[in-house]
Each structure stands twice: as C-alpha cells, then as structure tokens.
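> Okay, predicted coordinates and the sequence, questions at the end:
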Amino acid sequence: MFIRQTHMKKLLLFLFLSCFVLTSRAQQNKTLVLHLERIDPATGKIQKDVERVPADKVGIIVTDMWDKHWCKSWTAREAKMVPKMNRILAAARKMGVQVIFSPSSVANFYKDYPQRKAVLNMPASGDYEYPSVYQLQDSAAQKNWDYSRYSQQYLPGTIYEAREVPGETYKGFPSLPPFANTGGCECRDRKCKDGSVWTRQNKNLLIEANDLITDGDSNTETFNICKAKGITHLLYMGGAGNMCLTWTRGNSVINMANRGFKCAYISDLMISISGNGYNPDTKESDPAFTPAKGDSLVLDHLRKYIAPSVRADEVFAFKK
Ligand SMILES: [Zn+2]
C-alpha cells in the first residue's frame, strides 16, 4: 500500500511537471510578429520595423463598434468590417491575445455581462498619473505631461514626439489627425442629423467568454486590465481612427502610449470619419473626396506622428 502510494505520488508529480513543461512550451510558441509600418515625416517614405511580442502581453482594443451612428453611411461602413473582425479576433484569441471591447457611451448595455463585470471587479492599479489628453485640453495639468515618454515608442524621435504646431489648440500634444474635430456626415447628400443614437455594439460582433468589455470613456479601466494581465502592447481596431482610436477616449492611443504602453493601429480593420464630396476640414465641396480618401489621409498622419500600423492579415496569418 505504502509503495503504491509512493508510485502514485511520483506519477502525479510527473504528470504535473509534464503539463507545466507543455504549457510553457505552448506559450513560448505563441509569439506575435508585428510588422510595424510608419512614415518618416521628413521624407514621406514608409519605414518598416519588426517586433516580436509574446501573445499574452498583447491586447486588442475594439473601439466603438456601435450598432448605429447618426450618419447612415458611417453605420454601413462600420458594419461592413464586422465579418473580418470576427475572423481576426477568433485567430487572436486562439493565440492568447486578450480581446478588449471598448464601446464608449453604451458600456452600460453590458452591465450584466460577465465580461463587463470582470472589468469592474478588477483591482484598481492606483497609478493614474496621466489623465487623458482629451480631459487635459487647456488645463493647467498639461504642465505635468511627460514628453520623454514619447521617445519610448518604436522609433525614437518621431513617434509620439510632442510637436508644437502653430495655431494648434492642443499646444504641446502630438498634432491631431485631419478631421479630428469635424466628424460629420459621410453621405453625398449630407442629410443625416447629429444625435446620440447608439445603444450597444453591432450585434453581429461576437463576444466570447474570455473577452473583456471596458468603457472607452473610462480613464482607468483599460489601465487596470493591462496591469492585472501584464499587457504591454495594445493593437487598435474599429472607429474612428481620427477620433476615438486616437485621442477622445480614456484608452485612446495617445493616452495609453503616454502611460507607457506600446500602441499600434490595425490598418485593415479601422476606419476614420470624414466626408463625401466635401472636405470637412476646409468646409469646401470636393467631388473627388471620398470616405476612403479621408481614411488614407488620416492613416498617413497617424503613422507619421502618432503610432505605427500593422495589418491584421499579416499578424494573425488569416487564411481564407
Ligand atoms: Zn450621413
């Protein structure tokens, strides 16, 4: 009996260690290869860089994939991204990436979801020394902005370099992208009426058991998630690239990078809001102006001044 128990203990120990080794190996293999692209502001040339990151240190922030926007063209463009988004998120989850849905204004819709409750129950990290750039507009707290953090980004000296732009309201912050304050109707006839019509995320966007749902307006929730889970890199998808992904939310790229996280845009799963037959920045009609042109102008700016981009198809090796 004594011998059998000893054997059993050895067997259990062996099984335990085997599992441990197998798990470690599996985790070591789950590495994301980020082909980062940015644009050299001086020459306009694309610069490429590769970074390998353990998948469990990466979070994907899915920003404002609302069921409805007051512009019907924008609503349709966003809905069009959902099928691919679902496929890419499925691949990302399999690799161990944390999926974080970030529907601002409508987080309350999810108050009874375990994925939302898990976020609300996360321990507060207590370190919120960098409030969001949006909250800091014209405030005395801007003096505490630590510009040196920008140089920690992928290619020192350009990404997140604080630039003083003549005439720029947000003096000292990275210059904001085109149409950053002029998001309007993307319909040719521009007949959509402004209003808060969003109620939840697009219902076809799949939420899985281990995902998390955060309020994009919160200055602390995404920070708590990252601290609790050891996340160091954030990849952004959704809309709009020139607003919510970049600066107007507590977990926008500018705000999270300033808190020390490495951020990148997922260029093939994001859209920006601009105009159609009309340039909302110049307020001039321009028949050649399309939402796709707006996307491209914004992406160029982001990759020059804010953060690099990656392609979902490349990072998650999605096979059709
Ligand atoms: Zn519209």
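Arrived safely, thanks for sending. Numbers count the residues shown, from 1 in each chain.
> What's the separation between the residue lying closest to residue 262 once chain neighbours are set aside and the ion?
By the measure of C-beta to C-beta, 6 or more residues apart in numbering, the closest residue to residue 262 outside its immediate chain neighbours is residue 233, 4.7 Å from it. Where you see a C-beta, it was placed from the backbone N, CA and C, and this is true even at glycine. Counting by C-beta to the ion, to the nearest Å, the gap between residue 233 and the ion amounts to 35 Å.
> OK, contacts around residue 53?
Residues in contact with residue 53 (C-beta atoms under 8 Å, 6 or more residues apart in numbering) are 31, 32, 34, 232, 233.
> Report the beta-bridge partners for the last one.
Beta-bridge pairing for residue 233 (DSSP bridges): residue 58, residue 262.
> Pretty sure it sits against residue 57.
Yes. Distance between residue 233 and residue 57: 5.9 Å, which falls inside the contact criterion (C-beta atoms under 8 Å).
> residues near the closest residue to the ion within the stretch 1-150 of the chain, how many?
Shortest the stretch 1-150 of the chain-to-the ion distance, computed as C-beta to the ion: residue-wise this is residue 71, at 3.4 Å. Neighbour count for residue 71, taken as other C-beta atoms under 10 Å: 24.
> rewinding a little: quick one: buried ones out of the contacts of residue 53?
Neighbour-count burial (16 or more other C-beta atoms under 10 Å) applied to the contacts of residue 53 gives 31, 32, 34, 233.
> Now residue 313: closest residue in space that isn't a chain neighbour?
Using C-beta to C-beta, 6+ apart and skipping the chain neighbours, the partner closest in space to residue 313 is residue 268 (6.0 Å).
> Against residue 250, how distant is the one you found?
The spacing between residue 268 and residue 250, counted by C-beta to C-beta, to the nearest Å, is 25 Å.
> Kindly report the same for residue 300.
When C-beta to C-beta is applied, the distance between residue 300 and residue 250 equals 26 Å.
> likewise residue 92?
Following C-beta to C-beta, the distance that separates residue 92 from residue 250 is 22 Å.
> Sticking with the most centrally placed residue in the chain, tell me its helix or strand.
With distances taken as C-alpha atoms, centre = their mean, residue 236 lies nearest the centre of the chain, 2.2 Å away. Element membership of residue 236 [criterion: DSSP states H and E] is strand 233-239.
> do residue 94 as well
Assessed by DSSP H and E, residue 94 sits inside helix 72-95.
> buried stuff in that helix?
By neighbour count on 16+ other C-beta under 10 Å, the buried set for helix 72-95 is 73-75, 77-79, 81-82, 85, 87-89, 91-93, 95.
> Could you do stretch 39-47 as well?
Taking 16+ other C-beta under 10 Å as the criterion, stretch 39-47 shows 39, 47 as buried.
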